[in-house]
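**Q** Show me how the following folds:
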Amino acid sequence: MSACVPTRRTTDARRSEPVRQSHSPPPTRRPRFRVAGADVSAAIAVFLIALPLSLGIALATGAPLQAGLVAAAVGGIVAGRLGGSPLQVSGPAAGLTVVTADLIQRYGWRTTCAITVLAGLAQIGLGCLRVARGALAVSPAIVHGMLAGIGVTIAVAQLHIMLGGTPQSSVPDNLAALPTQLAELHPAALSVSALTLALLLLWPRIPGRAGQLLRKVPTALVAVAGATAAASLAGLRLPKVDLPTWSSHALAGLPEGPVLGLVAAVLTTTLVCSVQSLLGAVAVDKLAAARPAPATHVGRSDLDRELLGQGAANVVSGGLGGLPVAGVAVRSTANVHAGAVSRNSTMLHGVLVVVAALLMVPILELIPLASLAALVMAVGIQMVSLHHIRTVTRHREVLVYVVTTLGVVLLGVLEGVALGIAAAVGVALHRLTRTRITHEVQEGVHHVQVRGQLTFLAVPRLSRALHHVPQGAEVVVELDGSFMDHAAYETLQDWQNTHTAQGGTVELTGRRTGTRTTEPTASPDPGLDVSGTTGRTPVADCRCRPWTPWRNHQCAAAPVRLSGTSGESLGQARRVAGDHEEAGPARTKDTSTEQKTERKEVPTAVSELSGGPSDSGTALTHSTSSTYGTCRTTSDPALDPAPNPTSDRASGPASDPTPDLTSDPAPDPVLGTPGGHHLLRGITAFHRNTAPHVRGELARLAREGQRPVQLFLTCADSRVVTSMITSSGPGDLFVVRNVGNLVPLPGAESGDDSVAAAIEYAVDVLQVRSITVCGHSGCGAMQALLKSGPGSTRTPLGRWLRHGVPSLERMADDSGSWARLAVRRPADAVEQLCLTNVVQQLEHLRAHPSVARAMRESGLELHGMYFHVGEAQAYLLTETDDGEPVFDHVEGAGELRSPA
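**A** Residues are numbered from 1 along each chain as shown. Okay, here's the model as predicted:
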């Protein structure tokens, strides 16, 4: 029997072997967990910053010092693992100091922890509702004002600890107690605080190579460690960090207090934590995108997931007796700059905080409280950012900023934010209702100018201004605004119909192109009805519009006589004018008389073509104002090309409306070439029609100098009109154009310093806030690049196109790093190269020192753009959830962001 036992075991063993079919895949092993070396070094750098800051923020709030370490550890591990922003570091934030300190004074520490838990649950609920993007709708002036108010509150409170005293509960009380505190000065505390501030100020400014090496050590760590060492060596008796045993650490308890007060506390904590974390995630995305090209690409933040992660961290932190958790700008910036490539750096930093809290207690208890107070005070001062103040001033929102700041300082965070929102709404309503309407007469023409948004609130003033226009007068109504509601539209339309019915003329101009002009007038001949109705011409639909090809701006009609016997019908006149608009400027020949026709402005459209004093026709020149989108029809023989003496057309009356489109105009005595005629006509049309409108704005720019907001780098192709596709005007864009919109790498062989000089001037001198690289369809440079051969570098064009070779190599790369269109596949290899070239030139831009520095220090943004000429469609460069670059419509691109 015993002999059968081994046999039975063998049989069972064979039965237990898995039977795998030949077509089944081999079993896969789970990938081993690995931490990149860059994440390890970044985690250490962030840990060295977070440790003193966490203790300092806990000290500033009046909470147990262990609470700061708990929040730092939970923020790193929980928020780092569950959050949607891989590189953002969460923990106790200075922006929550005022809120938390107020809660501790009102409800005690255990109830404050419970409020933190409830705020985390509220954040989880908001994340499930996917409303994270809505939180970013808060005006930046309110957010910056809130942070500035918190910074002032922190700085004033910590000043008392630096002087050896105890802070009060509010800013007014702290300011009132400051003279007494100065009278009872503690030299030891003041000296340690001064040493800490000096190290914070001077350490980043150490020059030379030694400075470059020393600056790798975090400034906060150096300041606190230096002050601690000095205090220990000098034997100063100062209050120091006291970390009780973890067995006596207080955890969260049931909330106690008035219900309304607790609800307000939860809402305030939720608001501040959420807004600060979401804005921090967006800022981290920008920092990560601004890193040099070799850096590992990190996907864009998922804001809803980030809100869920922050909520979970607050639930855990509050439950374990920690401070509220939010995204921290200082640590996140250090994490990105240290080269972190994944969320592992954030989580590892949290693990290091746990290790320090358990094993480094004796070392931490050597830190003087005055040194931590000085560190936190410096952070508070930095929260009052001069860059933010300049930004809100530029956007005329300084009132909202000041109201929010003062409200937070004097009343509290929730009250200050509420006042800021009220101020922002008031400013918006003021801008909406602030409409300036003027009426003036220039050379017999009544000009009614409307500056601002035209709403029902401005209807009484608009009606009053229009009522002052006499019947039958020629009127130009200039609408300079971006919005008109239904009431204002009906008022203007009814008045226009009434005025035109009484024999007047109305021309509506504005920033929109394609404005139609109603031009009722009497027939040029009492016996001829040119429109089919006596004494009235229909609305002229002029086909010459802004941003059509230049030649169509100078479209000319054939000689036409509108007489009762040999005139053209209205339909024929329109067809002739339309043919000329398509064919370009036409030359007219007048051999019946050598007498110059008197220059006459014809304010009517094509339907009002009338004969001149002789049998010769009148050439029509359509000049378009690109600024206001108007279209005028003028009769100006002085601007027409001279008759061609070699023309084989017979002399005679100009009854034949067929123009001569084949013969070239004679050389101009001044400009000498046919192209010069186009230039002369364009300049003259500008002086007559556009210059009066833009003269004031150009005069202002001449006085103040140029302050463009964007560097626009695009191709020299004549079909790409930058001001057209960006709806910009004088002073808005700093434009650099070259063949193929190429950006040579710094120090590249046969590099072009003109492009680098323009970039440096725009970034360092003009301080533009963004740079756009714009490619276009059918680019001749890309076609030449595709067809280039070994000997193509012998010409200047070939040598220049060498800077586009990286784009060609990128397109040939099988890794899929080239770009694509979101709506369709590229039409051919040329379009694919045009798209890929934009992405490649953005990488070249990041390699320029001035650009890299501005992206790192002042948030310079880089954008990619592709303009399809045939579709008249602009595509913006964004990226998919997988990090692939893609060009999408403006509606689908969302937030502008160039892929890293």
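**Q** and V886, how many neighbours?
**A** Counted by other C-beta atoms under 10 Å, the residues lying close to V886 total 20. The C-beta positions use only the backbone N, C-alpha and C, and glycine is treated the same way.
**Q** Number the chain from 186, please
**A** Got it, the first residue is 186 from now on, which makes the last one we talked about V1071.
**Q** Can you tell me how far V1071 is from T404?
**A** Distance from V1071 to T404, counting by C-beta to C-beta, to the nearest Å: 40 Å.
**Q** right, I mislabeled it, should have said A876
**A** According to C-beta to C-beta, A876 and T404 sit 55 Å apart.
**Q** okay, those two: which has more neighbours?
**A** Higher neighbour count among A876 and T404: T404, with 20 against 14, using other C-beta under 10 Å.
**Q** Correct me if wrong: the more buried one contacts R390.
**A** No - contact criterion C-beta atoms under 8 Å: T404 and R390 do not qualify, at 10.2 Å.
**Q** Read off the pLDDT value for the residue nearest to V905 when sequence neighbours are not counted.
**A** Sequence neighbours aside, H961 is the residue nearest to V905 in space, at 5.1 Å (criterion: C-beta to C-beta, 6 or more residues apart in numbering). For H961, the pLDDT comes out at 94.
**Q** Hmm, H961 is touching R904, no?
**A** Yes - between H961 and R904 there is a contact at 7.2 Å, judged by C-beta under 8 Å.
**Q** can you list residues touching both of those two?
**A** Taking C-beta atoms under 8 Å, 6 or more residues apart in numbering as the criterion, H961 and R904 both touch V1054.
**Q** Those two: who's more crowded?
**A** Between H961 and R904, H961 has the larger neighbour count (other C-beta under 10 Å), namely 22 against 12.
**Q** State the distance from that one to L1027.
**A** Counting by C-beta to C-beta - H961 and L1027 are separated by 16 Å.
**Q** Ok, S417 next?
**A** The gap separating S417 from L1027 is 51 Å, by C-beta to C-beta.
**Q** Who has more neighbours out of these two?
**A** More crowded of S417 and L1027, by other C-beta under 10 Å: L1027, with 25 against 13.
**Q** Can you give me every residue that contacts that one?
**A** Contact analysis of L1027 by C-beta under 8 Å, 6+ apart lists V958, L1047, G1049, L1062, S1083.
**Q** would CSV of the residues you listed with pLDDT, distance to A541 and neighbour count be doable?
**A** Formatted as CSV, the contacts of L1027 follow (pLDDT from 0 to 100; distance: C-beta to C-beta, whole Å; neighbours: other C-beta atoms under 10 Å):
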residue, pLDDT, distance to A541, neighbour count
V958, 95, 46, 28
L1047, 92, 39, 25
G1049, 92, 44, 28
L1062, 89, 43, 27
S1083, 45, 39, 26
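**Q** in this protein, which helix has the most residues?
**A** As assigned by DSSP state H, the longest helix anywhere in the chain is helix 444-474.
**Q** What ranges does the stretch 236-385 of the chain have for its helices?
**A** In the stretch 236-385 of the chain, the helices defined using DSSP state H, counting those that start in this stretch lie at 250-259, 265-267, 282-292, 294-313, 317-320, 325-347, 356-368, 372-387.
**Q** Could you identify which of the ones you listed has the lowest mean pLDDT?
**A** Among the helices of the stretch 236-385 of the chain, helix 317-320 carries the lowest mean pLDDT, a mean of 75.
**Q** Give me the nearest residue to V626, chain neighbours excluded.
**A** H632 (7.3 Å).
**Q** Now find how far off-centre the helix or strand encompassing the one you found is within its chain.
**A** Element membership for H632 (DSSP states H and E) is strand 630-636. With C-alpha atoms, centre = their mean, to the nearest Å as the basis, strand 630-636 stands 34 Å off its chain's centre.
**Q** List the contacts of it.
**A** 620-626, 643, 647, 650-651, 654-655, 658-666.
**Q** which ones among those are found in helices?
**A** Those of these mapping onto helices are L647, A650, L651, per DSSP H.
**Q** Go through the helices of the stretch 236-385 of the chain and pick out the most buried.
**A** Comparing the helices of the stretch 236-385 of the chain by mean neighbour count (mean count of other C-beta atoms under 10 Å), helix 250-259 ranks first with a mean of 29.
**Q** how about it as CSV, C-alpha atoms only?
**A** Provided in CSV are the C-alpha atoms of helix 250-259 (Å, rounded to 0.1, in the frame of the first residue of the first chain):
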residue,chain,number,x,y,z
LEU,A,250,4.4,70.6,15.1
GLN,A,251,3.9,66.9,14.3
ALA,A,252,0.8,67.9,12.4
GLY,A,253,3.0,69.6,9.7
LEU,A,254,5.0,66.4,9.3
VAL,A,255,1.9,64.3,9.1
ALA,A,256,0.4,66.6,6.4
ALA,A,257,3.7,66.5,4.4
ALA,A,258,3.9,62.7,4.5
VAL,A,259,0.2,62.2,3.6
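**Q** What is that helix packed up against?
**A** Judged by 3 or more C-beta pairs under 8 Å, 6 or more residues apart in numbering; DSSP states H and E, helix 250-259 is in contact with helix 222-246, helix 488-504, helix 529-544.
**Q** now those helices in a markdown table, with mean pLDDT and mean neighbour count?
**A** Formatted as a markdown table, those follow (pLDDT from 0 to 100; neighbours: other C-beta atoms under 10 Å):
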| stretch | mean pLDDT | mean neighbour count |
| --- | --- | --- |
| helix 222-246 | 86 | 24 |
| helix 488-504 | 94 | 26 |
| helix 529-544 | 91 | 21 |
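**Q** looking at the ones you listed, which is closest to G396?
**A** G396 sits nearest to helix 222-246 of all these, at 17.2 Å, using C-beta to C-beta.
**Q** where does this structure dip in pLDDT?
**A** Along the chain, the parts satisfying pLDDT under 70 run over 186-218, 320-322, 431-433, 477-482, 695-862, 933-936, 974-978, 999-1003, 1066-1068, 1076-1085.
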